[in-house]
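[1] Test case, fold it:
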Amino acid sequence: MRDYLIKPYTADQVATAIEDALYLSRLEEEKDRLTHQLQQRVQELTVLERIGRSVAAVLDLDTLLNRIVEASVFITQADEGFLLLLDEDTHELYLRAAKNLEEDQVRLLRLKVTDSLLGQVVQTGQPFMRGGAEDADSEHKVVTGYLVRALLHVPLVIQDQVVGVLSVHKRTSTRAFSQNDLERLSALANYAAIALQNAWLHEALKDHTTRIEAAYAELQEISKLKIEFVQDISHELRVPLTFIRGYVDLLREGAFGEVSPEQIEPLDIIANRTERINRLVSDMLTLQRLESEGLELVEVNLAGIVFMAIEDARAAARRAGLVIREEIPENLSPLLGGPDQLSRVFDNLLINAIKFSPDGGTVIVRIREDPGQVNVDVSDTGIGIPADKLDRLFDRFYRASESEDKPIAGTGLGLSIVKAIVEAHGGQVAVESQEGQGSTFSFSLPKDGPEAGLVSPPTPLASSDQ
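    Sure, this is the predicted structure:
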């Protein structure tokens, strides 16, 4: 058997080996420390990221602000934390969220801005940080009423205005807050400010929505009352108007005795005024039905409606010394609409053209068919309309002008009825006019009804005849 000789280590070699072992141990400890710091940093970033997502996701402000305070305590390794908001009316800070504060301490957290370190943060808009092992004296008996070893306050800022303070304290640890703590707490304060702003905007939106809903309900009630009022007034007026008109006719016919020529004119005035009131009631009922009942749509032959309206108006035109002409294409396509309402549109426009045209004038009805819609013009050679009156022409009870040659009767509702009926069909109305040169009223109707919409707005059709 062969013997091996073990050579003993020298003292230097042993010392070197010990130093190497200690160095490796220190490296391992440093590795563990760095790993711990890295894990801590990852946790802090995770908390911040979750808080950031919560700002947009959490609707309950109390829950979110408490999470922010809890995160503040965690990432700064503090013992307690709280969030105070500014009461602008009293210039006091009041508690909004807290972590590790007892109830009797919480009740004390209402401070005048001018009497505290927290108020100093509000006034300056700058963070405040103090405390550590060497700085734990009576100067730091802050808002909780007991000694703290370190404190850190950061402002909550919304649109350059300080609205509160986010604060953390240390009571037992001798480690001071660091610049990193300040940066992380400031980030959380920014999240809190965003959450507050979102919550206030949400509350303002809810309040605005509530007020709009209340106003809408009130408008509905007013609309209902208006409809009932129109119906009641119409009923109350029509019955006596019928009797008045009937007795006037009987008087004129001599049913109650001979009527002198001097009495005929007053009876005619009574009959005309009675008829005018009757038309007013009828027009008001038409508008009320359009608003409350809408349209019953069927396929209509617009050309047939136009020709019937023109025939009905020819007698009045002849009495006024006017000529009515039509320019209507053959084989005009049908469209969806309300035949009675569309007849009312043409009746009103023709009556309007006749009333405001002098003897010897011309009224022209033109129709052009475009893809998806029909365009209509009713033109006259009448007295025209001043430019400053055009914008109000379709308002209810508005009358733009009077003829100098003859009195013109009317309720002031004819054109507003035209506009209401056309718009109920999904169409639009327009007017062009010059004083002394006549007027052209135009409207467009979608062929497929109100839901189809218009291809283009109404524009007067060119003609060299007017």
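
[2] going forward, measure contacts between C-alpha atoms and count neighbours the same way
    OK.

[3] Name the next helix or strand following the helix ranked longest in the chain along the chain.
    The helix that spans the most residues within the chain, counting by DSSP state H, is helix 179-252. With elements assigned by DSSP states H and E, the helix or strand that comes after helix 179-252 is helix 261-293.

[4] Does the next helix or strand after that following helix pack against any helices or strands, and if so which?
    Per DSSP H and E, the first helix or strand lying C-terminal to helix 261-293 is strand 298-300. Contact here means 3 or more Cα pairs under 8 Å, 6 or more residues apart in numbering; DSSP states H and E; on that basis strand 298-300 packs against strand 335-337.

[5] Which strands border the strand it packs on, and is each parallel or antiparallel?
    The pairing partners recorded for strand 335-337 under DSSP bridges are strand 298-300 (antiparallel).

[6] re earlier: between the longest helix of the chain and helix 261-293, how big is the angle?
    Calculated by axes from the mean of the first three to the mean of the last three Cα atoms, to 10 degrees, helix 179-252 forms an angle of 150 degrees with helix 261-293.

[7] Give me the phi and psi for the nearest residue to Ser186 once chain neighbours are set aside.
    Setting aside the residues directly before and after it, Ser186 is nearest to Val154 in space (Cα to Cα, 6 or more residues apart in numbering), at 6.1 Å. With angles defined as degrees, to the nearest 10, Val154 sits at phi -130, psi 140.

[8] Can you verify my assumption that Val154 contacts Gln123?
    No: with contact defined as Cα atoms under 8 Å, Val154 does not count as touching Gln123 (11.9 Å).

[9] Neighbour count for these two, which is higher?
    Under the criterion of other Cα atoms under 10 Å, the comparison of Val154 against Gln123 puts Val154 first, with 27 against 14.

[10] ok, what's across the strand from that one?
    Leu166.

[11] Just list the residues touching it, thanks.
    121, 126-128, 165-167, 182, 185-186, 189 (Cα atoms under 8 Å, 6 or more residues apart in numbering).

[12] roughly how far apart are it and Arg171?
    Distance of Val154 to Arg171, given as Cα to Cα, to the nearest Å: 18 Å.

[13] And for Leu302?
    Applying Cα to Cα to Leu302 and Arg171 gives a distance of 89 Å.

[14] same deal with Gly131?
    Gly131 is 10 Å from Arg171, by Cα to Cα.

[15] before we move on, what about Ala150?
    Distance, Ala150 to Arg171, by Cα to Cα: 7 Å.

[16] pLDDT value on the residue lying closest to Ser72 once chain neighbours are set aside, please?
    Spatially, and ignoring its direct neighbours in sequence, Ser72 is nearest to Leu185 (6.1 Å; Cα to Cα, 6+ apart). If you check Leu185, the pLDDT there is 89.

[17] Pull the contacting residues for Leu185.
    Contact analysis of Leu185 by Cα under 8 Å, 6+ apart lists 72, 76, 154, 166.

[18] Could you do Gln123 as well?
    So Gln123 contacts 113, 162 (Cα under 8 Å, 6+ apart).

[19] Look at it and tell me its secondary structure.
    Judged by DSSP: H, G, I helix; E, B strand; the rest coil, the three-state class of Gln123 is helix.

[20] go on, Leu27?
    In three-state terms, and counting by three-state DSSP, Leu27 is helix.

[21] Likewise for Phe394?
    coil.

[22] you'd agree it is up against Leu415?
    Yes: between Phe394 and Leu415 there is a contact at 5.2 Å, judged by Cα under 8 Å.

[23] Which single one of the contacts of Leu185 is nearest to Leu85?
    Nearest to Leu85, judged by Cα to Cα, of the contacts of Leu185 is Leu166 at 8.9 Å.

[24] and the closest one, how many neighbours?
    Neighbours around Leu166, by other Cα under 10 Å: 29.

[25] Ok, the one 3 residues further on next?
    Burial of His169 is recorded as 27 neighbouring residues (other Cα under 10 Å).

[26] Name the SS class of the residue lying closest to it once chain neighbours are set aside, please.
    With sequence-adjacent residues excluded and distances taken as Cα to Cα, 6+ apart, His169 is closest to Leu151, at 4.5 Å. Assigned state for Leu151: strand (three-state reduction, three-state DSSP).

[27] Correct me if wrong: Leu151 contacts Lys170.
    Yes: Leu151 sits in contact with Lys170 when judged by Cα under 8 Å, with a separation of 6.4 Å.

[28] if we can go back for a sec, could you check how far the residue nearest to Ser186 is from Ile324?
    Using Cα to Cα, Val154 is found at 83 Å from Ile324.

[29] With Pro339 instead?
    For Pro339 relative to Ile324 (Cα to Cα), the value is 22 Å.

[30] Please apply the same query to Glu265.
    Noted for Glu265: a distance of 31 Å to Ile324, by Cα to Cα.

[31] Which one's more surrounded, the two?
    Between Glu265 and Ile324, Ile324 has the larger neighbour count (other Cα under 10 Å), namely 20 against 11.

[32] How many neighbouring residues does Gln220 have?
    Per other Cα under 10 Å, the neighbour tally for Gln220 reads 12.

[33] got it, and Leu27?
    When neighbours are defined as other Cα under 10 Å, Leu27 has 12 of them.

[34] Please shift the residue numbers so they start at 59 in all later answers.
    Sure, I'll start counting at 59 from here, so that last one is Leu85.

[35] In terms of pLDDT, where does it sit?
    As predicted, Leu85 sits at a pLDDT of 71.

[36] so who does it touch?
    Applying Cα under 8 Å, 6+ apart, no residues contact Leu85.

[37] Tell me where the stretch 59-208 of the chain has helices.
    69-115, 119-134, 161-164, 175-182 (DSSP state H, counting those that start in this stretch).

[38] Least confident of those, on average?
    Here the helices of the stretch 59-208 of the chain differ in mean pLDDT, and the lowest is helix 161-164 at a mean of 62.

[39] Please identify which of Leu360 and Arg229 sits among more neighbours.
    Neighbour comparison, Leu360 and Arg229: the larger count goes to Leu360, with 21 against 16 (by other Cα under 10 Å).

[40] Now the nearest residue to the more buried one once chain neighbours are set aside. Its backbone dihedrals?
    Once flanking residues are discounted, Leu360 sits nearest to Pro392: 6.5 Å by Cα to Cα, 6+ apart. Pro392 adopts backbone torsions of phi -70, psi 160, taken as degrees, to the nearest 10.

[41] Just give the number of residues close to Pro392.
    Neighbours of Pro392 (other Cα under 10 Å): 15.

[42] hang on, isn't it packed against Gly362?
    No: Pro392 is not in contact with Gly362 according to Cα under 8 Å; the separation is 10.1 Å.

[43] what's near enough to touch Ala367?
    So Ala367 contacts 401, 404-405, 408 (Cα under 8 Å, 6+ apart).

[44] Against Thr182, how distant is the residue nearest to Ser244?
    As judged by Cα to Cα, Val212 and Thr182 stand 11 Å apart.

[45] how near is the residue nearest to Ser244 to Leu243?
    Taking Cα to Cα as the measure, Val212 falls 7 Å from Leu243.

[46] do Leu175 as well
    The spacing between Leu175 and Leu243, counted by Cα to Cα, is 17 Å.
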